[in-house]
Every structure is written in C-alpha cells, then in structure tokens.
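Undergrad: the following comprises the amino acid sequence and a computationally predicted model.
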Number of protein chains: 2
Amino acid sequence: MIKVSVLYPNGEGKNFDMDYYCNQHIPMVGGLLGDSVKAATVEKGLGGATPGDPAAYAAMGNLYFDSMESFQNSFGPNAEKIMGDLPNFTNVEPIVQISEVVI
Amino acid sequence: MIKVSVLYPNGEGKNFDMDYYCNQHIPMVGGLLGDSVKAATVEKGLGGATPGDPAAYAAMGNLYFDSMESFQNSFGPNAEKIMGDLPNFTNVEPIVQISEVVI
C-alpha cells in the first residue's frame, strides 16, 4: 500500500482553510481520482513535542493507493486541476511525500 | 481522536534502521503505553512530489489515542525510556506533531 502525504507547514503569515479543505478540496480530489483512492485521512495540527510548541504542520492530508502505478496513473492526468485548487485554501507550498505503508 | 506523528528527516549522513524500529522500538512503545494506544502505523519514505525526488522523511511513525489527556498520561511517565531508545535506530532528531484526526 502506498500513502501519499501532503503536509502544509505552519507558521507566521501562513494560512490554511480547514473547512474548504475538508468540504471542497478533498471531495474534489476523491471525485477526480475515483476508485484508485483506497482511503483518505485529514489531520489538523495541534502542537509539537512540548506543550505550548506550535505544530510543524497546520494540516496533513493522506491518500492511500494500492500501488505507485495506481497513484501515478490516476493523479498524473488530474495534477494540474488539483494543484490549481491550492490557492483557494492556503498560501503555503505543501511538502509531498510518497511512502510505503510498513505497519 | 489524537494522532501523534513522529517524523524522521531524511538526508545525507542521516540513518534510520527500519528493522529495529518495527521489530524492537514500536513493540516496546506499545508495551509501555498499553491500552491507551488505539492504533499504530509506520511508513517508509519512498520519494517526493516529482519522480526521483528524495522523501522528506525516511520514516513516519504514528500513534493514535482517544484524547490528549490519554496521550500525556501514558507517554509522560515513559518518555525518558522511549526517547532513550532512539540512538539504537537513528542519528536524527525527529519532528513530533500532535494532531486532531478530522477525517
């Protein structure tokens, strides 16, 4: 299983609209990628290791695919439309990581 | 639901022993924190947004708790022992993020 994580850095001057993200962006992505998406999760950053520390990421969105090929084949043709939606909910450039689910 | 993510940065000179992590560290953490841990997942970084890009994180470990209190009450008394195990599998200082599971 492949996990695609999209991490939105937190910080001064950075914004992130969780409402738009959950109710507009994620459903749009799900609609475009269809059955190749096996699961989607979203987390909102609360804090860091020490109480009072800010969270490194304001939000993390994760999509799960059966394989790298399944991700690339479904995301590739829709990448422009999906990335074009980012300015509607954030002014930061996310960190994208592709991982293998080990446990 | 609270998700505690431990992100191990990738890079030149950084190492991470996935075998030790999955077979020694995670079971030790599970044993120490007990029933307060509702789920644990581990991912191995494969790459970034563009094919050929390195993954930002060599590994991501995630623990799920019912609440922030449940996390703090179970992790606090065991923090020293858990953090003391890190040099056994990595030479990097992880980024720890506490998040609320939204979706």
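TA: Everything's here; your move.

Undergrad: spell out which parts of chain A neighbour chain B.
TA: With CB under 8 Å from any CB of the partner chain as the criterion, chain A comes near chain B at residues A:2-3, A:5, A:7, A:18, A:22, A:26, A:40-49, A:51, A:55-57, A:60, A:68, A:72, A:95-103. The C-beta positions use only the backbone N, C-alpha and C, and glycine is treated the same way.

Undergrad: doesn't residue A:41 make contact with residue A:62?
TA: Yes. Taking CB atoms under 8 Å as the definition, residue A:62 is a contact partner of residue A:41 at 4.7 Å.

Undergrad: give me the more crowded residue out of those two.
TA: Each of residue A:62 and residue A:41 has its neighbours counted (other CB atoms under 10 Å in any protein chain shown); residue A:62 has more, 21 against 17.

Undergrad: hey, where'd the strands end up in chain A?
TA: Assigned by DSSP state E, chain A shows strands spanning A:2-9, A:39-47, A:57-65, A:95-101.

Undergrad: list the buried residues in stretch A:52-67.
TA: A:55, A:56, A:57, A:58, A:59, A:60, A:61, A:62, A:63, A:64, A:65 (16 or more other CB atoms under 10 Å in any protein chain shown).

Undergrad: kindly report the same for stretch A:73-82.
TA: A:74, A:75.

Undergrad: who touches it?
TA: With CB atoms under 8 Å, 6 or more residues apart in numbering or on different chains as the contact definition, stretch A:73-82 has outside contacts at A:4, A:28, A:29, A:32, A:33, A:34, A:36, A:37, A:65.

Undergrad: which of the residues you listed lies closest to chain B?
TA: Nearest to chain B out of these is residue A:4 (CB to the nearest CB; 9.2 Å).
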